[in-house]
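Enquirer: Pasting the sequence and the predicted coordinates here, then a few questions.
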There are 2 protein chains.
Amino acid sequence: MLDTASTLFYAEGVHAVGVDRIIAEAAVAKATFYHHFPAKDTLVHAYLTEQFEAQRRTVADFLADSASLPPREVLVRFFDLIVEIGRRPGFRGCPFINAAAEFPDVAHPVRGAILEHRVWFRTMVADLLTAAGDARPRAGADILMLLRDGLAVGCYLDDAAAMRGIVHDALDRILGAPDDPKR
Amino acid sequence: MLDTASTLFYAEGVHAVGVDRIIAEAAVAKATFYHHFPAKDTLVHAYLTEQFEAQRRTVADFLADSASLPPREVLVRFFDLIVEIGRRPGFRGCPFINAAAEFPDVAHPVRGAILEHRVWFRTMVADLLTAAGDARPRAGADILMLLRDGLAVGCYLDDAAAMRGIVHDALDRILGAPDDPKR
DNA sequence: ACTTTACCAGACAGGTCTGTCTACGGTCTG
DNA sequence: CAGACCGTAGACAGACCTGTCTGGTAAAGT
């Protein structure tokens, strides 16, 4: 049920998908739906929480797989991973950014979930930069957050196939050239 | 009427605002509305077109004001301008990115308008880079496009007050340090 | 055997959505 | 003066929205 909702919410937008649609697609009775989720907003929140957890799993797997690589290489491959996801058919941008566009009220729980995800991402990147011996990991993380957001938008709206090269170029400039002794 | 719609669409999202709401706020009869715009989609398209034209006016004014400055300084101030707009109260991100989140169909005219805006922006930045003597203006423009998108998202969802410093740092890294002879 | 829990099917209420239509009032032009 | 045009006010259709409620089924725990 949550899976169905997630697919629809992501593919078409939260406001564009009604409860009727979700229960029809999930082959579930309406009463059952409202038994599990007292309101649609709750489901939206659950949708984003699930996205968050899926991303955390993906990143944990990635970090486990690339534990033996030099830290800078890990960062590059991390962004390669993002591009790879952004190139997959059906990619429609970052679910958190998209949800934020539909929820203007900062006090709404959905916005809280979005914020949590952003804090997590920034912290994680800062840790990677620290591991790479960056002199100012927080500042770097702020910049790489911009890069990530831009990447999500760019893969959705522009030529996703070209993004890999662009990101490599950007990372070389932001982190310094691969053999740059400065960073 | 278009002004009212623009304000509402931007502030609350396109799907969240109904025609009834617009005609009430604009103090206009329903028949009048449908006389000017055969469908709501037409109004949404007009909304984005108007945003596009407003941005072009802003940029034209900016370029006219900064014609005497060195090209690299123009670029920095251009991004300062974006940050300044992003810090204004009521800023809710880029209207084009937000609209894209609500319109999944690439064939929809709204998506065409979004694309036009992106092409315009990229071309303009490439021209600025060319003027600054950049060796690879297209590549630089692709990166600065990422920066712009990230900036719009960041000003909306993160601490907009911190963005100026972050962007200056990012531009130094992307364009090279101010006195870097390489660029 | 009894209760709790989970589920289904679907009617229903009350509201909002887009879009059409009627009926009426000005105002400008030929 | 007549007709074309532009606007208002608002009823209306038909679909869809969220959320509630009734009534019945089935399984699982105690």
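Expert: Yep, that arrived. Numbers count the residues shown, from 1 in each chain, chains lettered A, B, ... in the order given.

Enquirer: in what helix or strand does the residue of chain A positioned farthest from its centre lie?
Expert: Distance from the centre of chain A peaks at residue A:31, with 32.2 Å (C-alpha atoms, centre = their mean). If you go by DSSP states H and E, residue A:31 is part of helix A:30-36.

Enquirer: from the chain's centre, how far out does that helix sit?
Expert: 29 Å (C-alpha atoms, centre = their mean, to the nearest Å).

Enquirer: backbone phi and psi for the residue of chain A found nearest DNA strand D, please?
Expert: Nearest residue of chain A to DNA strand D: residue A:18, at 2.8 Å (C-beta to the nearest atom of the strand). (Each C-beta comes from the backbone N, C-alpha and C, glycine too.) For residue A:18, the backbone dihedrals (degrees, to the nearest 10) come out as phi -90, psi 170.

Enquirer: residues near it, how many?
Expert: 11 (other C-beta atoms under 10 Å in any protein chain shown).

Enquirer: And it, how close does it get to residue B:105?
Expert: 18 Å (C-beta to C-beta, to the nearest Å).

Enquirer: And residue A:29, by the same measure?
Expert: Taken as C-beta to C-beta, the span from residue A:29 to residue B:105 is 31 Å.

Enquirer: Quick one: name the residues of chain A near chain B.
Expert: With C-beta under 8 Å from any C-beta of the partner chain as the criterion, chain A meets chain B at residues A:11-13, A:15-16, A:92-93, A:97-98, A:100-102, A:104, A:114-115, A:118, A:139, A:142-143, A:145-151, A:153-154, A:156-158, A:162, A:166-167, A:169-170, A:173-174.

Enquirer: try 6 Å this time
Expert: A:12-13, A:15-16, A:97-98, A:100-102, A:104, A:139, A:142-143, A:146-147, A:149-150, A:153-154, A:157, A:166, A:169-170, A:173-174 (C-beta under 6 Å from any C-beta of the partner chain).

Enquirer: Excluding chain neighbours, what is closest to the residue nearest the centre of chain A?
Expert: Residue closest to the mean C-alpha point of chain A, counted by C-alpha atoms, centre = their mean, is residue A:94 at 5.2 Å. The shortest distance from residue A:94 to any non-neighbouring residue, by C-beta to C-beta, 6 or more residues apart in numbering or on different chains, is to residue A:152 (3.8 Å).

Enquirer: On the three-state scheme, the one you found is what?
Expert: Under DSSP: H, G, I helix; E, B strand; the rest coil, residue A:152 falls in the helix class.

Enquirer: Also residue A:89?
Expert: Per three-state DSSP, residue A:89 ends up coil.

Enquirer: and what of residue A:104?
Expert: coil.

Enquirer: and it, how many residues sit next to it?
Expert: Neighbours of residue A:104 using other C-beta under 10 Å come to 18.

Enquirer: try the one 3 residues further on
Expert: Applying other C-beta under 10 Å, we find 6 residues neighbouring residue A:107.

Enquirer: Distance check, it against residue A:114.
Expert: For residue A:107 relative to residue A:114 (C-beta to C-beta), the value is 12 Å.

Enquirer: do residue A:177 as well
Expert: 34 Å.

Enquirer: Of these two, which one has the most company?
Expert: Set side by side, residue A:177 and residue A:114 show more neighbours around residue A:114, with 23 against 11, by other C-beta under 10 Å.

Enquirer: any idea which element that one lies in?
Expert: Going by DSSP H and E, residue A:114 is part of helix A:109-131.

Enquirer: What are the contacting residues of that helix?
Expert: A:44-45, A:48-49, A:52, A:71, A:75, A:96, A:99-100, A:103, A:137-138, A:140-141, A:144-145 (C-beta atoms under 6 Å, 6 or more residues apart in numbering or on different chains).
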